[in-house]
Structures are given as C-alpha cells and as structure tokens.
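Participant: the sequence and its predicted three-dimensional model are supplied below.
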Amino acid sequence: MDVLTTALTAAIADGGTGAAYEMLKSRLMGKSPRVDEAVADLEQDPGSLSRQFAVSDALAAAGLAGDRYLRAAARNLVEEVDRRRALRAMPGPADAANHAVLQVFFATDRQVTGDRHPARQFGAGRGELSYGSCEVSVPRGGQEDGPALPTLLRLQARADPDGHAMLLRSDVVPRDQYFPMLADSIGKAAGSALLFVPGYRTSFEDAARRTAQIAHGLRFAGVPMFYSWPSQGRLSGYMVDETNVGWSEPRLAAFLIEFIEQAAPTEVLLLAHGMGARALAGATIAALAARPDLAPRLRHIILAAPDIDAGAFQRDIAPALVAAGTVVTLYAASGDEALRAAHQTRDVPRAGDSGAVLLPVAGVQTIDASAADTSFTGAPQTAPGHSILADIRQLIAGQPAAGRSGLQAVESPIGHHWSINP
C-alpha cells in the first residue's frame, strides 16, 4: 500500500481529525472524482482493505501517488497519528489474545478475478456461483467470558490499534465438497445457521467481515454464512447495484433451496441490510412458492433498513412472508446511509423509512431504529448498545418485544410499533 493511502487510513481510523489530516485531504480533494469517491468510501469503513485498495488505485490513476510533496505530508500525518496512539496506549501483555478468528461460509455470484489476495479474489462483475469459506479475525470486545462460538477457530493477538475486523483468507470449494462441509459444521452447531445478505456499497471482503462481526456480536450459536451479490462496493455504484441485486435474486432463491436441502439445518435465521433485503425477500418468497415444505426451517426473517418500495412491501412482499409463518422483523432507520442513497436516486418511500413515514404492516414486527446503528459495519467506536444487534440477540433468544430491554411500545396515528432507546 502506498504511503498516502496508509496515512489516510490511519488518520480516518483515528477519528479523521487533526490539522495534518485536513491539510492532506484538502490537497487531494478535487483533483479527481475517482479519488474523491474512494476517500469518501474509506471514511465510512477504514478497516476495509478493498476500500483501501480503491484509494491506492485511484491515487495511482490520477498520478498523485508519487507526488513528493504529498508523500511528505503523508509521512507527517502518520507520525502525528502514531504519537496520538502512543499517548493513549495502555500497558499490557504484548501477546494477549485480543481477536477471535471465526470460520464463515459463503456463496457468491461475483466474477472471480484470479487475484490471490482475499480482498481482491472476487470483483464487482457478474459471475457463476462460487462456494467456500473464510477466516475472519474480529476484536473480542470484552466477550472473553462468553460461550465459545461453534465456528471459533482460534484466538490470536493482533497489533491493531484500531480494532478492525480483517479477512485473513478465503478458500473456494467445489460444490460437491461445500455442502457436506457445511452440513457437518451445522450438525455440530445443533442445526442452526445464519444467512446474511449485505446491501449496497458492500464488497465481498466487507460482506465477510460484517458477517463475522454479526455472529460475534450476537454470540450466535450456529454457523454464520453470507451471500455476496455483485455490489460495486463504492458510493457511486447505486444504479449498477440496483440492477445487479435483481439479477442475483433468482440465484439466491436457488441457493436457499439447495442450502436447506443439502446442509439440512433445523433452523435458519435470515438477515439482510438495505438493498440486500430486496434480494432476500424476493428469493425467500420464490423459494417457498417452489418448496413450501421448507417454511418451518425459517425461524426468523430480519430486514434492517430495507431499501424496498414501501407500497410493494405493504401490498405484496410482507403478506407473502407473513403467510409462510415465519417471524418477520423490520428495523426502520431513515438515517441509514443506504437509505439516504436510495432517496437521492428514487423519490419513493422505502419500507425502511422511519419517523413520520414509518410503515407498520400487519404481521410484521416494526421497530423504529433511528436511534441505533443499522449498518453492521462494526465500527470500533460504535458502542454495542447503539447497534440493533443488542435487540436481535434478545429476539433470537425468544424474548417477545414487550420483554426486551431497550424497546419501547409506541401508539401513534400510523399504528402500533416499537422504538429502540439505546
């Protein structure tokens, strides 16, 4: 990684403040739209290697990576961040195990790039369905005394002052080996699995990281999985993402059927964010229309800030999901970055909108999560109580909404719903 990208990443992870950071950023901004976008994406998740690579590639394409004045400013910025970190550093054993390495299974219809780096193994183009598993390192976050996760591979020490999750490796596995491996892991986890479908602006690497963070945050007692459709992984990619998520929906439906048939989970938790909720909702409806006998396996369908047309959700999607007998929970949050992008592109109410346009639907547990984080980015500075994971943990443990801490019942002209008060 070039020194400019290293400096920007370190400064953003450290809070994105300080005169040295502002000076370097001001010298870069406006030189290239591609650089501007890549830096904006990095500011949203500095722990993402794919976003770091995007910045490095953009700087090189703009001819800025070799500028000696910019490189000098970057070195000064790295020194400033290092000084701040040294002042905050707490004494302790250097070899303390502060990260947990989890195994996460995946399926993706992204294009295979041929690059061996796990963050670049799959690109943003469309491809054939690939299967495999990842190893992801996540900060332990004070959960050392909790029960061991079934997919915990090992504990390790990492010199990571920013506490980010990291994709360590990604292995593609032939289909005829994948499902027996998955079935074996699910069998050892008492038959439970979680399938996460990420939303707009999410690379393969970020999908893997977020899935591991979700499993760790939930202390999930089953096998975590994700389906990575070909999102462009960048701020300007909304329109392409919108096309690609529709293209992936029938593939996700076919995978969902095959996964339940071949891996034989006794219960599945389906979770999606933003635009990924479109694919998950449509795929689930299609899968159950083809195989209604699979419905009892689907214990929960959770939609976080779903980027779905509100009218279509109310008229068609929600009734079809509720009719399957699955518990459907919707977390509404207009402030979610994915929904903000949706409203800039489409002037149509979304199912995930909150506030005055929140949309309670019969049979769906609707929760106003405006006061919580619905992004699943797992930013280290985000307190656990500010994430919807705290409520989802109680939900999947069987707690009804009336008995969950942090939820408040709301009666309003738009209908009965719940609100998160972290």
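Facilitator: Cool, the structure landed. Numbers count the residues shown, from 1 in each chain.

Participant: and the biggest strand by length in the chain, what's buried?
Facilitator: Under DSSP state E, the strand in the chain containing the largest number of residues is strand 122-139. Going by neighbour count (16 or more other CB atoms under 10 Å), the buried part of strand 122-139 is 122-124, 129-139. Where you see a C-beta, it was placed from the backbone N, CA and C, and this is true even at glycine.

Participant: max pairwise distance over the residues you listed: which two?
Facilitator: Using CB to CB, the pair of the buried residues of strand 122-139 lying farthest apart is Leu129 and Pro139, separated by 31.7 Å.

Participant: point out where this structure drops to low pLDDT.
Facilitator: Counting by pLDDT under 70, the low-confidence segments of the chain come to 88-96, 141-148, 158-162, 378-385, 422.

Participant: can you do 50?
Facilitator: Of all residues in the chain, those with pLDDT under 50 make up the ranges 145, 380-384.

Participant: so which residue is dead centre in it?
Facilitator: Centre of the chain computed as the mean C-alpha position; nearest residue by CA atoms, centre = their mean is Arg210, 3.9 Å away.

Participant: relative to Pro198, how far out is it?
Facilitator: As judged by CB to CB, to the nearest Å, Arg210 and Pro198 stand 6 Å apart.

Participant: now Ala318, nearest residue through space, not along the chain?
Facilitator: With CB to CB, 6 or more residues apart in numbering as the measure, Val361 is the residue that lies nearest to Ala318, at 4.4 Å, once sequence neighbours are left out.

Participant: report the secondary structure state of that neighbour.
Facilitator: The assignment at Val361 comes out as coil when based on DSSP: H, G, I helix; E, B strand; the rest coil.

Participant: wait, a helix at Arg27?
Facilitator: Yes - when the secondary structure is assigned by three-state DSSP, Arg27 falls within a helix.

Participant: contact partners for it?
Facilitator: Residues in contact with Arg27, defined by CB atoms under 8 Å, 6 or more residues apart in numbering, are 69-70, 73.

Participant: mind putting those into JSON lines with secondary structure, distance to Val81 and neighbour count?
Facilitator: Listed next are the contacts of Arg27 as JSON lines, based on DSSP: H, G, I helix; E, B strand; the rest coil; distance: CB to CB, whole Å; neighbours: other CB atoms under 10 Å:
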{"residue": "Tyr69", "secondary structure": "helix", "distance to Val81": "19", "neighbour count": "8"}
{"residue": "Leu70", "secondary structure": "helix", "distance to Val81": "16", "neighbour count": "20"}
{"residue": "Ala73", "secondary structure": "helix", "distance to Val81": "13", "neighbour count": "20"}
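
Participant: now distance to Arg393 too, for these, in JSON lines please.
Facilitator: Formatted as JSON lines, the entries for these read as follows, by distance: CB to CB, whole Å:
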{"residue": "Tyr69", "distance to Arg393": "50"}
{"residue": "Leu70", "distance to Arg393": "45"}
{"residue": "Ala73", "distance to Arg393": "44"}
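
Participant: you'd agree His164 is up against Gly47?
Facilitator: Yes - with contact defined as CB atoms under 8 Å, His164 and Gly47 form a contacting pair (2.9 Å).

Participant: give the residues shared as contacts by those two.
Facilitator: Both His164 and Gly47 are contacted by Ala13, under the criterion CB under 8 Å, 6+ apart.

Participant: where's Val173 relative to Thr113, distance?
Facilitator: In this view, Val173 and Thr113 are 17 Å apart by CB to CB.

Participant: try Tyr131
Facilitator: Applying CB to CB, one obtains 17 Å for the distance of Tyr131 from Thr113.

Participant: can you give me the neighbour number for the residue nearest to Ala318?
Facilitator: Using other CB atoms under 10 Å, Val361 has 21 other residues around it.

Participant: how about it, phi and psi?
Facilitator: Backbone torsions for Val361, taken as degrees, to the nearest 10, come to phi -130, psi 140.

Participant: for stretch 245-265, list the C-alpha coordinates in CSV.
Facilitator: Listed next in CSV are the C-alpha coordinates belonging to stretch 245-265 (Å, rounded to 0.1, in the frame of the first residue of the first chain):
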residue,chain,number,x,y,z
VAL,A,245,-29.3,-7.2,-7.0
GLY,A,246,-32.3,-8.0,-9.2
TRP,A,247,-30.1,-10.2,-11.4
SER,A,248,-28.9,-12.1,-8.3
GLU,A,249,-32.3,-12.7,-6.8
PRO,A,250,-33.2,-15.9,-8.6
ARG,A,251,-29.7,-17.3,-7.9
LEU,A,252,-30.2,-16.6,-4.2
ALA,A,253,-33.5,-18.3,-4.3
ALA,A,254,-32.0,-21.4,-5.9
PHE,A,255,-29.1,-21.3,-3.4
LEU,A,256,-31.5,-21.0,-0.5
ILE,A,257,-33.4,-24.2,-1.6
GLU,A,258,-30.2,-26.1,-2.2
PHE,A,259,-28.7,-25.0,1.1
ILE,A,260,-31.6,-26.2,3.2
GLU,A,261,-31.9,-29.4,1.2
GLN,A,262,-28.2,-30.3,1.3
ALA,A,263,-27.0,-28.9,4.6
ALA,A,264,-30.2,-29.9,6.5
PRO,A,265,-30.3,-27.1,9.1
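
Participant: need the contact partners of it.
Facilitator: Here stretch 245-265 makes contact (CB under 8 Å, 6+ apart) with 107, 109, 126, 129, 179, 182-183, 186-187, 191-193, 195, 197, 222-223, 225, 227, 229-231, 268, 275-276, 278-280, 282-284, 286-287, 290-291, 294, 297.

Participant: swap the cut-off to 6 Å and go again
Facilitator: Residues outside stretch 245-265 that contact it (CB atoms under 6 Å, 6 or more residues apart in numbering) are 107, 109, 179, 182-183, 186, 191, 193, 227, 229, 275, 278-279, 282-283, 286-287, 291, 294, 297.

Participant: buried residues, it. List them.
Facilitator: Across stretch 245-265, burial judged by 16+ other CB under 10 Å covers 245, 248-249, 251-253, 255-257, 259-260, 263, 265.

Participant: rewinding a little: list the ones among the contacts of stretch 245-265 that fall in strands.
Facilitator: Taking DSSP E, the ones among the contacts of stretch 245-265 that sit in strands are 107, 109, 193, 227.

Participant: identify the bridge partners of the third one.
Facilitator: For Ala193, the beta-bridge partners under DSSP bridges are Val223, Val268.

Participant: show me what the one helix or strand Leu102 maps to is packed against.
Facilitator: Counting by DSSP states H and E, the element that carries Leu102 is strand 99-112. For strand 99-112, the contact count by 3 or more CB pairs under 6 Å, 6 or more residues apart in numbering; DSSP states H and E identifies strand 122-139, strand 152-156, helix 204-218, strand 223-228, helix 238-263 as packing neighbours.
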